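Predicted coordinates and the sequence they were generated for:
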Amino acid sequence: MESAKDAVLTQCADLAHIRALLDHWSVSGNTLTTYDTAGNTLSVHSLTRDGDGNIVAINH
């Protein structure tokens, strides 16, 4: 069974990984692209904008 210390370390590593992924994205026009830390494309999503050009939805 995993110790409490191991569980915390695992959670911290997972959060660091998620944070790194969140730092690697770009928006061009109505497209949101996410990348891994090596620069490879992970996902591409279309964006919905309101009449003022604000992003109101990320379409999966």
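Alright, I've got the coordinates.

how about the strands of the protein, start to end?
25-28, 31-35, 41-49, 55-59 (DSSP state E).

Check what pLDDT residue 45 gets.
Residue 45 is assigned a predicted lDDT (pLDDT) of 92.

Quick check: it touching residue 57?
No - contact criterion C-beta atoms under 8 Å: residue 45 and residue 57 do not qualify, at 9.5 Å. (C-beta placed from N, C-alpha, C; glycine too.)

Between those two, which has more neighbouring residues?
Counting neighbours by other C-beta atoms under 10 Å for residue 45 and for residue 57 shows that residue 45 has the greater number, 15 against 11.

who's the more buried one bridged to?
residue 32 (DSSP bridges).

show me the contacts for it.
By C-beta atoms under 8 Å, 6 or more residues apart in numbering, the contact set of residue 45 is 31, 32, 33, 58, 59, 60.

what residues are up against the closest residue to residue 49 other than its chain neighbours?
In space, and not counting its chain neighbours, residue 49 is closest to residue 55: 5.8 Å by C-beta to C-beta, 6 or more residues apart in numbering. By C-beta under 8 Å, 6+ apart, the contact set of residue 55 is 27, 47, 48, 49.
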